[in-house]
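A.B. asks: Have a look at this prediction, sequence included:
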Amino acid sequence: MRDPVLFAIPFFLLLLTLEWTAARKLESIDALEPDANTGKPRPASGAYFTRDSMASISMGLVSIASTAGWKTLALLGYAALYAYVAPWHLPASQWYTWVIAILGVDLLYYTYHRIAHRVRLIWATHQAHHSSEYFNFATALRQKWNNSGEVLLWVPLPLLGLPPWMVFFSWSLNLIYQFWVHTERIGKLARPFEFVFNTPSHHRVHHGMDKVYLDKNYGGIFIIWDRLFGSFQAESFRPHYGLTKRVDTFNIWKLQTREYVAIARDWRSATRLRDRLGYVFGPPGWQPRATSKARGAVPLATSR
């Protein structure tokens with residue numbers, strides 16, 4: 001049960017330091033780029049902001065502990081399903097079992113990730129990862145503290161006979177892979193690789209708040225799921241990063257809980273049960289139909 005993520009942390013820090021050093025060296029060249037639409041300065045490609053990076057790193061450190069707690073709970077449930085419910089046990093010594101584990105974890109991650117962008121209650125667990133207006137290796141560490149959604153989505157894997165430890169190992173490999181795609185220092189790669197795998201170009205799109213980029217490219221290791229299920233978008237211009245409603249805080253507790261607070265506030269303000277359920281289980285930005293008509297607007301369909 002040794003988590004590969006713990007062994008990967010020194011490499012995360014090394015890559016983060018190298019990227020941060022490169023950003024500092026390039027500050028004199030492209031410290032601030034004018035926005036194409038507003039003309040106002042915006043963070044340069046691959047830039048770092050100390051308070052933003054420290055918030056991301058702090059959230060990552062807390063997530064190590066919180067994830068360990070969720071994995072402990074999952075272990076109990078997965079072990080029971082594997083031992084007493086699964087109709088067969090797949091042998092860990094066979095290559096095809098590993099293929100099933102890695103593909104299965106990634107497909108279910110895609111499923112969870114897509115749900116997280118379309119159901120506000122689940123979005124509340126995930127939105128902190130999107131809250132930075134910078135896109136760099138520090139942003140990769142800006143992880144959620146509530147992994148309950150993933151734990152539930154991976155229940156089919158032990159039911160299929162995958163050993164629980166293999167599920168966790170594949171989960172960690174998936175997380176490790178996703179670290180390197182959080183950078184602006186790597187451009188587009190060879191077409192065959194870009195077609196099958198998630199890359200920095202694809203993931204920059206996912207973190208973009210631009211309308212054409214919203215709710216696209218959910219894949220973890222493989223981008224092929226997005227191509228198959230209609231959620232793929234190629235990178236055509238440099239994205240604007242962050243949430244559509246700007247978050248002006250670096251307080252990691254507020255960054256993690258702000259959406260839960262907003263949901264509770266909207267729940268209390270609603271007078272009809274269906275509106276309350278819409279605020280909780282509708283897409284982020286959902287508004288009651290009557291309210292939208294009164295304002296001369298339509299219900300929002302964007303995720304942030």
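C.D. replies: Received, thanks.
A.B. asks: Contacts only, for His203.
C.D. replies: The contact partners of His203, by CB atoms under 8 Å, 6 or more residues apart in numbering, come to 178, 181-182, 217. (Glycine included, C-beta is placed from N, CA and C.)
A.B. asks: May I see the buried residues of stretch 238-256?
C.D. replies: Neighbour-count burial for stretch 238-256 flags 238-244, 247, 250, 252, 255-256 (criterion: 16 or more other CB atoms under 10 Å).
A.B. asks: so can I have CSV of the residues you listed showing secondary structure?
C.D. replies: Shown next, in CSV, are those (DSSP: H, G, I helix; E, B strand; the rest coil):
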residue, secondary structure
Arg238, coil
Pro239, coil
His240, coil
Tyr241, strand
Gly242, coil
Leu243, coil
Thr244, coil
Val247, coil
Phe250, coil
Ile252, helix
Leu255, helix
Gln256, helix
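A.B. asks: closest to Ser58 among those residues?
C.D. replies: Ranked by distance to Ser58 (CB to CB), the buried residues of stretch 238-256 are led by Ile252 at 5.1 Å.
A.B. asks: of the buried residues of stretch 238-256, closest to Ile224?
C.D. replies: Nearest to Ile224 among the buried residues of stretch 238-256, with distances taken as CB to CB, is Pro239, at 21.6 Å.
A.B. asks: Can you verify my assumption that the closest one contacts His207?
C.D. replies: Yes: applying CB atoms under 8 Å, one finds Pro239 in contact with His207, separated by 6.5 Å.
A.B. asks: So for these two, which residues contact both of them?
C.D. replies: What both Pro239 and His207 touch, as defined by CB under 8 Å, 6+ apart, is the set Phe135.
A.B. asks: what's the spacing between Leu108 and Ile102?
C.D. replies: For Leu108, the distance to Ile102 equals 11 Å [CB to CB, to the nearest Å].
A.B. asks: now the strands for the stretch 101-250 of the chain?
C.D. replies: Ranges of strands within the stretch 101-250 of the chain: none, based on DSSP state E, counting those that start in this stretch.
A.B. asks: So, low pLDDT: which residues of it?
C.D. replies: Within the stretch 101-250 of the chain, no range satisfies pLDDT under 70.
A.B. asks: Distance of Pro218 relative to Trp145?
C.D. replies: Wrong residue type there; residue 218 is Tyr, not Pro. On the measure of CB to CB, Tyr218 and Trp145 end up 20 Å apart.
A.B. asks: These two - which one has more neighbours?
C.D. replies: Tyr218 (23 against 18; other CB atoms under 10 Å).
A.B. asks: residues contacting the more buried one?
C.D. replies: Tyr218 touches 110, 113-114, 117, 206, 225-226, 231, counting by CB under 8 Å, 6+ apart.
A.B. asks: ok, 6 Å please
C.D. replies: 110, 113-114, 231 (CB atoms under 6 Å, 6 or more residues apart in numbering).
A.B. asks: my read: Ser66 touches Asn147, true?
C.D. replies: No: the pair Ser66 / Asn147 is not scored as a contact, 7.2 Å apart, by CB atoms under 6 Å.
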